[in-house]
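> Give me the fold of what follows.
(2 chains)
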2 protein chains.
Amino acid sequence: MTDTTADDALPPLVGPVEVVGTGLIGTSIALVCRRLGIDVVLRDTSAKHVRTATGLGAGRVATGVDRPQLVVVAVPPAAIAETVVEALQRTDAVVTDVGSVKSAPLAAVARQVSSADLARYVGSHPMAGSERSGPLAASAALFDGRPWAITPHAGAGAAAVGLVESLVVECGAAPLRMDPAEHDRAVARISHLPHLAAVLVAGRLAAAPAEHLALSGQGVRDVTRVAASDPALWQQILEANSDAVLDLLGEVRADLDALMAAVSAAPSGHGGPDLVDILARGNAGTAAIPGKHGGPARPTRSVFVSVPDHPGELARLFGDAGEIGVNIEDVHIDHDPGRPVGLTELVVEKGRAEHLLAALESRGWTTHR
Amino acid sequence: MTDTTADDALPPLVGPVEVVGTGLIGTSIALVCRRLGIDVVLRDTSAKHVRTATGLGAGRVATGVDRPQLVVVAVPPAAIAETVVEALQRTDAVVTDVGSVKSAPLAAVARQVSSADLARYVGSHPMAGSERSGPLAASAALFDGRPWAITPHAGAGAAAVGLVESLVVECGAAPLRMDPAEHDRAVARISHLPHLAAVLVAGRLAAAPAEHLALSGQGVRDVTRVAASDPALWQQILEANSDAVLDLLGEVRADLDALMAAVSAAPSGHGGPDLVDILARGNAGTAAIPGKHGGPARPTRSVFVSVPDHPGELARLFGDAGEIGVNIEDVHIDHDPGRPVGLTELVVEKGRAEHLLAALESRGWTTHR
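Next comes the predicted model:
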């Protein structure tokens, strides 16, 4: 895997850029290019989406005599391969797609075009987005600070790869070059598996007794949050990455069997060590996730503050924290039945926590450690 | 299940209250009682913890002639039963414990005391806490707005149950009366299962290739956050609730098998409907979790704002949001490699989102929908 390349070694992105598929991702890329003064041509099977995107200032409709420098294919997963093939055959542009699975579309494209045409195709994948979709949800800031994988096949031209990296850098993202199959294994692990774990846990809540749900705290909310995404989209993603996903699910099923055996043996005193090992591996896993902005994860600590639940109070808290000068790494606002007072959790660098607590208390906040 | 009882029907909590186990929960309860002017007696096998707790103003050491009204047992799970038995035999107080599993300790206590003594025992469980532990982490605000289950057995005296409910109300929590076995099934579902799902996903990260981890986004962080908890504590919790946990894990394993079959069949076009059903059930599950402060979950929407990463900027954002007058339901601050600009996600009531966005944009914020 290669990280960023020096910007002056990359081919400049001058346009025109053609965006096929004016949904969230395509329109956001178009908006970045427009802000750079690049000519953007928009295409979509939905005329309504194109009109919305042009109305947002994301670009203009095709004239038929356009000659794009780069084509960005941003269509739903099941349509990616055919759209890439069409673009490679219709233009002499570099073509990239932004789908969340790379190997299967690449294989399908490779079966349908010459190796000369294939040299102009370089898949990529921005790790960005939200539960929102469509052109109205788009923003030029969508990719700021995000990882964006670039997954060239063996026969991709170096200039083509460089041009896609230019796009990534102009979008404010961090380019990460990876083999397509390795990318699919990576997203199976850090995106698709967590999503499916959330779905399995949420599946046990759907028909749960109300008195069970009444005890819900922040933990179950955090674990299940991503399960609120669009089922039709995820069905296409999982279909396209079924091999890598099944490999990981198989590993998890084996881990689950070991976990069940350890829990089952625990009351007799024989499962204890196995269970502690499994739980400790969970600790190690959370510590392995990179910290903010790519650096090693600095140890953090949570401080809790009672905040009355109406507009302005949270601002007052953050205003005070800002004056105090302690950077807040993360925030959780608790959702619980009972009084209309919420407990806000501020995650700060461990060495700054005591200072923040003392300063907040001196400003009248009710805190707890 | 019964919700709150009218406060004037509850026996008043006048003290003395004896707290056995001056960790996070015990010391926090003690601090609530001290603020109410109630005499609090502290006991712990660790003299150091008792000294810290008394130093925090949480109470005083036992004199030998104390006659508590209520004993709160707040010791680690494996020590609960023996400590409850000791308290029932040493005093004529109502005795409660605050452990996260109820049936097993109750059964052990019932085997060791007379039914007259057993009538004074009423288990309970505050749904509160954090990864922090020990008396220094304690706060009288720990229970504000939280659910707190009260789990009397069939032979518990009504006045005893009422006194425990008084404690819960004084701590600012929402009392929820439940059968002990039903409680254990409930926490297996909304606390232990999510925890184990997080552990299983995190377990796949612990030895993962660095280039896989480099693509991590908010989803995997949310799903695995709770897996950073103390393995020794969780081993005791799972041991004590092994039946209910195994039942749920068995259901999840069956769901996992169905999921694997659906993913495996998907590329041939035959798994599609099954897979969409499973994913849709995940949607339904997230919608089933109660919203803030016990009301039905109002539909929310996320708005995203680019915020430079230094002290004060987040305050400026919340200050503006406060002035704009839109209540922020939840916040996520993204942790990603790349530029030092973070994307902050504000979750607001759906109908207020556009107003917030327009107003933030007019104040110069870079937003996206």
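> Next, give phi and psi for the residue in the stretch 51-200 of chain A that chain B sits nearest to.
Ranked by CB to the nearest CB, the top residue of the stretch 51-200 of chain A for proximity to chain B is A:Ser139, at 2.2 Å. All C-beta spots, glycine's among them, are computed from the backbone N, C-alpha and C. With angles defined as degrees, to the nearest 10, A:Ser139 sits at phi -160, psi 150.
> nearest residue to A:Gln359 other than its sequence neighbours?
Careful, residue A:359 is Ala and not Gln. A:Ile324 (4.3 Å; CB to CB, 6 or more residues apart in numbering or on different chains).
> since we're on the one you found, how many residues are nearby?
Burial of A:Ile324 is recorded as 18 neighbouring residues (other CB atoms under 10 Å in any protein chain shown).
> OK, contacts around it?
A:355-356, A:359-360, B:311 (CB atoms under 8 Å, 6 or more residues apart in numbering or on different chains).
> same thing but at 10 Å, please
A:Ile324 makes contact with A:352, A:355-360, A:362-363, B:311, B:315, according to CB atoms under 10 Å, 6 or more residues apart in numbering or on different chains.
> From those, list the buried ones, please.
Among these, those classed as buried by 16 or more other CB atoms under 10 Å in any protein chain shown are A:352, A:356-357, A:359-360, B:315.
> could I get stretch A:16-33 in CSV with only the CA atoms?
This file holds the C-alpha atoms of stretch A:16-33, laid out as CSV (Å, rounded to 0.1, in the frame of the first residue of the first chain):
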residue,chain,number,x,y,z
PRO,A,16,-13.8,18.4,-18.4
VAL,A,17,-15.0,15.9,-15.8
GLU,A,18,-18.0,13.9,-16.6
VAL,A,19,-20.0,12.6,-13.6
VAL,A,20,-22.4,9.7,-14.4
GLY,A,21,-24.9,9.3,-11.6
THR,A,22,-25.8,12.4,-9.7
GLY,A,23,-26.5,11.0,-6.3
LEU,A,24,-24.8,11.9,-3.0
ILE,A,25,-21.3,10.9,-4.0
GLY,A,26,-21.4,11.9,-7.7
THR,A,27,-22.9,15.3,-7.0
SER,A,28,-20.5,16.0,-4.2
ILE,A,29,-17.5,15.3,-6.5
ALA,A,30,-19.1,17.5,-9.1
LEU,A,31,-19.4,20.3,-6.6
VAL,A,32,-15.7,20.0,-5.7
CYS,A,33,-14.8,20.3,-9.4
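> So is it next to chain B?
Yes: judged by CB under 10 Å from any CB of the partner chain, stretch A:16-33 and chain B are in contact via A:24, A:28, A:31.
> now the stretch 1-150 of chain A, which segments are flagged as low pLDDT?
Low-confidence segments of the stretch 1-150 of chain A (pLDDT under 70): A:1-8, A:130-132.
> repeat that with 50
Within the stretch 1-150 of chain A, no range satisfies pLDDT under 50.
> Would you map the strands across it?
A:17-20, A:40-43, A:60-61, A:70-73, A:94-97, A:123-126, A:147-151 (DSSP state E, counting those that start in this stretch).
> The second one pairs with which strands, parallel or anti?
Here the strand partners of strand A:40-43, with direction, are listed using DSSP bridges: strand A:17-20 (parallel), strand A:60-61 (parallel).
> most remote residue from chain A's center?
A:Ser268 (43.3 Å; CA atoms, centre = their mean).
> quick one: A:Ala207 and B:Ala288 touch, right?
Yes: using CB atoms under 10 Å, A:Ala207 is in contact with B:Ala288, at 8.2 Å.
> coming back round to it: among the contacts of A:Ile324, list the two that are farthest apart in space.
A:Ala358 and B:Ala315 (18.4 Å; CB to CB).
> circling back to that earlier point, what about the closest residue to the residue of the stretch 51-200 of chain A closest to chain B other than its chain neighbours, how many residues nearby?
Nearest in space to A:Ser139, with sequence neighbours left out and distances taken as CB to CB, 6+ apart, is B:His368 at 2.2 Å. The criterion is other CB under 10 Å. On that basis, B:His368 has 23 neighbouring residues.
> can you pull up the bridge partners for B:His368?
Beta-bridge partners, per DSSP bridges, of B:His368: B:Phe304.
> Let's see the pLDDT reported for A:Gly217.
A:Gly217 is assigned a pLDDT of 83 by the prediction.
> Between A:Ala207 and B:Ala288, point out the one with more neighbours.
Comparing A:Ala207 with B:Ala288 by other CB under 10 Å, the one with more neighbours is B:Ala288, at 18 against 10.
> How about the contacts made by the more buried one?
A:202, A:205-208, A:210, A:212-213, A:216, A:224, B:297.
> again with A:Pro180
Contacts of A:Pro180 by CB under 10 Å, 6+ apart are A:101-107, A:123, A:125, A:149, A:151-154.
> Check those residues one by one and keep those near chain B.
A:104, A:125, A:149.
> Among those residues, which one is most surrounded by other residues?
In these, the most neighbours by other CB under 10 Å go to A:Ala149, 28 neighbours.
> ok, and the closest non-adjacent residue to it?
The shortest distance from A:Ala149 to any non-neighbouring residue, by CB to CB, 6+ apart, is to A:His125 (4.6 Å).
> quick one: that neighbour and A:Ile237 touch, right?
No: contact between A:His125 and A:Ile237 fails when scored by CB under 10 Å: they sit 11.1 Å apart.
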